[in-house]
Structures are given as C-alpha cells and as structure tokens.
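Engineer: can you look at this prediction? I've put the sequence above it.
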Amino acid sequence: MPPATPATPPPDAALDRAVDLHDQAMACWQAQRLDEAGALAAQALAALDAAAVADAADAAAILHNLAQIHEARAEYAQAEGLGRRAFDLLAGTGVDAGVDAGGGGGDEDLRRLRVRVLTLLGWLCRCHGTYAESETLLRQALDLAKKIDEDETATVLNALAVLYKHTGRFGAARRLYLRALRIMERAGGAGSPDVAAVYHNLGGLEHARGRHARGEPYARRAVALREAAVGPDHPDVAADKANLAALLDGQGKFDEAEALYHEALAVFERVYGPDHYEIAVNCNNLAAIHDARGRPDEAERLYRRALAIKERLLGPDHRDVAVTLNNLGVLLARRQRIADAELLLARAVAIFERALGPDHPDTEAVRANFEDLRAAGEVGGTG
C-alpha cells in the first residue's frame, strides 16, 4: 500500500513555519554559522512560497533578510533574485505615494524596508559590476533615506561611497565616507562597529589611490574598534586585518602583512568554507607577498586559487577577475611564460575597458603591463 500523501498545511501554518525558519536562519547568520543559515534560509523560502501571504510587506521583509544571508555567503545571484522579488512586492504597496508626499502618508517601516532593499540591490549590482544600475538604485535609496532618519542615510552614503571608489571617483567617495562617519559617530558612538566599517573603507580608499601610508592609520583604527566590539575571531575583524595587510604590503612591510593575511585566511576558511569571495581577495593579496619575497610557485598557486573562486562567484568577465588575471599574467611574464602571460593580460585589458572605460586608472595600469610585455619590457602587478 503506497504511503499516504501528507495534507497540505493550512496557509497560516505555512507562514508560521516560514517565519520560524527565517528567525532560525537569521540567528545562525548572526552567530556566523553560515552553512546552517543557508540551509535554513532555503527551507524558509520554500515555506514562504507555499504560504498564502496576504501582506506583501511581511513577505518582502523575509525575502530581504534571506537575501542578506546569501550575500554573506557570497551567493550573489541568489541574493539578487530574492532582493528583486522583495523590490517587486514593495512596488505594489503604494509606499512611493507616501514618499512623494514628503513622508506624511505611507508607513515608515515600509519606507525603511524599501531603503534597505534598494541599498542591498545597489550593493549587489556593484558586486556584479553593473555600476550604472547600482548608482541608480543607491541614489533612490538615499533620496528616501533622507526622509526617514540619519541612520538609514549613513548606511546608504557608505554603500554609495564604495561604488564611487570602485568607479574611480575617489574624491566623491571620501566626502561620502566622512559624511557617513560623522552621522555614525553621533548615533552609535566613536567605538561602534558601523564606525569601524567606515574607517575600514577609508583605508581601502587610500589603498585604491596608491596612498598606502595615509591609509594605514584608518585601517589600524578599524581593527582596534571592531575587535573591541565583536572579538578577535569575527570575520569582519579578519576583513579589517586583511585590509590593513594590503596597506602594509604596499609599503613593503611584508612580515606584518603576511602574518595578518594568514590570520584572516584562517578565520575566513573556518567561517565561510573554501570558496568565499573574501578568501579569493585574501589569496590574491597573499600571492603578491609571496611573489615579492621570491616564492613564485606559492604565488602562482594562490593566484590560481583566487582566480578560480572569482570566476565561479562573479563570472569570467568581472572587473575583480581582471585584477587577478593581471597579477597572474605579470607573474608568468617574469617566469618567461610569455604566451600564457599575454593571453591573461589581453583578457584583463578587455574586461577593464568594458567595465570601467579606457581612461580609468586600473585600465591604464593593466594596459601598460600588456604593452610592456609585448615590448619585452618589465611589468608590474596591481592589488
């Protein structure tokens, strides 16, 4: 006799299960148990899809939070899909009418959720390299956040500044970071994790500008603040240490930089597993130190690991993929593997030209490497 087919739970029961699984997933995410969080998020989504949810805002809130878990796991496509579903649900709530009227109509919680969904989507578009859409979404979020409160505004300012750093608008990025920093220091105090995040980003901005010594104090401040707030074994602290290491590396302070990279990598692998984006960035930067210290075999191994992770997460034509293509190409050129190096550098140039345009500093640096290789000259790497 075949087993009985289970009865479909009533809609309210399905929604209750979705909410319960969502809460468990968020708790695991906060505790940095990301594999458990991912599994619970998938179950929560299935339960939500089975539920007859009357309130679009409730569903959108769950979708947004599940998207954050996927983003933390570097599962960017899944995160974006959930974020766009949340965005579409909110579009039918009439929240924009309240905003257009100056915030007098419409529900503030709904508008706050819309800001967060827009910000998340803008962040994910930047991760994917679709910079124009990212800016459109983040500017919409900023316009709306200004009508809610300074906390929401500061979060969007920080996200928009990160985009500007990636697109070479360094002066604009710095101004936005400093605006966000002033707001966050007023709201949470000078020692809050949010303040640490902005100091981290200010250090990263100086790294992008090649001003490593100027960025070092920001990065050290970020490590100290965040370690005091969340402890030494948190992945955000590991990211701060990797950021500091990149600035030290740029000054030739290899001993401290290498030690920090290894500390960060151990935390990332423990929390994220072997294939997270943070691990790819860390491997790329650690490879540069091995290269500088005369360990080309180890450098090549780490560059290839970084490249494989980036291509798997971001696709073959992403700007971050081009960074590692360039660095691996530079290494192979010095090892006299000219044909392989030329293919990698040509690919990197094409990616940067499509993503950033021919006049961006990164494009010009990689093109110079390619042209130097073809002239049998000396080439150099990028971080």
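Structural biologist: Nice, I can see it. Numbering: from 1, shown residues only.
Engineer: CA only for contacts and neighbour counts going forward, please
Structural biologist: Will do.
Engineer: buried stuff in whichever strand or helix holds residue 15?
Structural biologist: Taking DSSP states H and E as the definition, residue 15 sits inside helix 11-30. Buried residues in helix 11-30, counted by 16 or more other Cα atoms under 10 Å: 11, 14-15, 17-19, 21-26, 28-29.
Engineer: run a quick neighbour tally on residue 133.
Structural biologist: Taking other Cα atoms under 10 Å as the neighbour definition, residue 133 ends up with a count of 14.
Engineer: okay, it and residue 118: tell me how far apart.
Structural biologist: 11 Å (Cα to Cα, to the nearest Å).
Engineer: on that earlier part again, mean confidence for the helix holding residue 15?
Structural biologist: When pLDDT is averaged over helix 11-30, the result is 87.
Engineer: tell me what it is packed against?
Structural biologist: With contacts defined as 3 or more Cα pairs under 8 Å, 6 or more residues apart in numbering; DSSP states H and E, helix 11-30 has these neighbours: helix 34-50, helix 56-72.
Engineer: between that helix and helix 34-50, how many degrees?
Structural biologist: Here helix 11-30 runs at an angle of 160 degrees relative to helix 34-50 (axes from the mean of the first three to the mean of the last three Cα atoms, to 10 degrees).
Engineer: next, the angle from helix 11-30 to helix 56-72.
Structural biologist: Between the axes of helix 11-30 and helix 56-72, defined by the same axes, to 10 degrees, the angle is 30 degrees.
Engineer: mind checking the SS state of residue 358?
Structural biologist: Under DSSP: H, G, I helix; E, B strand; the rest coil, residue 358 falls in the coil class.
Engineer: give the contact list for it.
Structural biologist: For residue 358, the contact set (Cα atoms under 8 Å, 6 or more residues apart in numbering) comprises 352, 364.
Engineer: a markdown table for the buried residues of helix 11-30, including distance to residue 263?
Structural biologist: Output for the buried residues of helix 11-30, formatted as a markdown table (distance: Cα to Cα, whole Å):
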| residue | distance to residue 263 |
| --- | --- |
| 11 | 48 |
| 14 | 43 |
| 15 | 42 |
| 17 | 39 |
| 18 | 37 |
| 19 | 37 |
| 21 | 33 |
| 22 | 32 |
| 23 | 31 |
| 24 | 29 |
| 25 | 27 |
| 26 | 26 |
| 28 | 23 |
| 29 | 22 |
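Engineer: what is the nearest of those to residue 243?
Structural biologist: Checking the buried residues of helix 11-30 against residue 243 with Cα to Cα, the nearest one is residue 29 at 22.7 Å.
Engineer: show residues contacting stretch 262-272.
Structural biologist: Residues from elsewhere that reach stretch 262-272, judged by Cα under 8 Å, 6+ apart: 32-35, 73, 233-235, 238-239, 241-242, 276, 278-279, 282-283.
Engineer: mark which of those are part of helices, please.
Structural biologist: Those of the contacts of stretch 262-272 mapping onto helices are 34-35, 235, 238-239, 241-242, 278-279, 282-283, per DSSP state H.
Engineer: let me have the residues you listed in TSV, extended by neighbour count, pLDDT and distance to residue 150.
Structural biologist: Formatted as TSV, those follow (neighbours: other Cα atoms under 10 Å; pLDDT from 0 to 100; distance: Cα to Cα, whole Å):
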residue	neighbour count	pLDDT	distance to residue 150
34	22	88	30
35	17	88	34
235	22	94	27
238	25	97	28
239	26	96	26
241	27	97	29
242	28	96	30
278	24	94	30
279	24	96	33
282	24	95	33
283	25	96	37
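Engineer: centroid residue for the chain?
Structural biologist: With distances taken as Cα atoms, centre = their mean, residue 127 lies nearest the centre of the chain, 6.1 Å away.
Engineer: let me see the contact set for that one.
Structural biologist: Residue 127 neighbours (Cα under 8 Å, 6+ apart): 76, 314.
Engineer: for the stretch 251-383 of the chain, which spans come out with low pLDDT?
Structural biologist: 376-383 (pLDDT under 70).
Engineer: quick one, helices of it?
Structural biologist: Taking DSSP state H, counting those that start in this stretch to define them, one finds helices in the stretch 251-383 of the chain at 254-272, 277-292, 296-314, 319-334, 338-356, 361-374.
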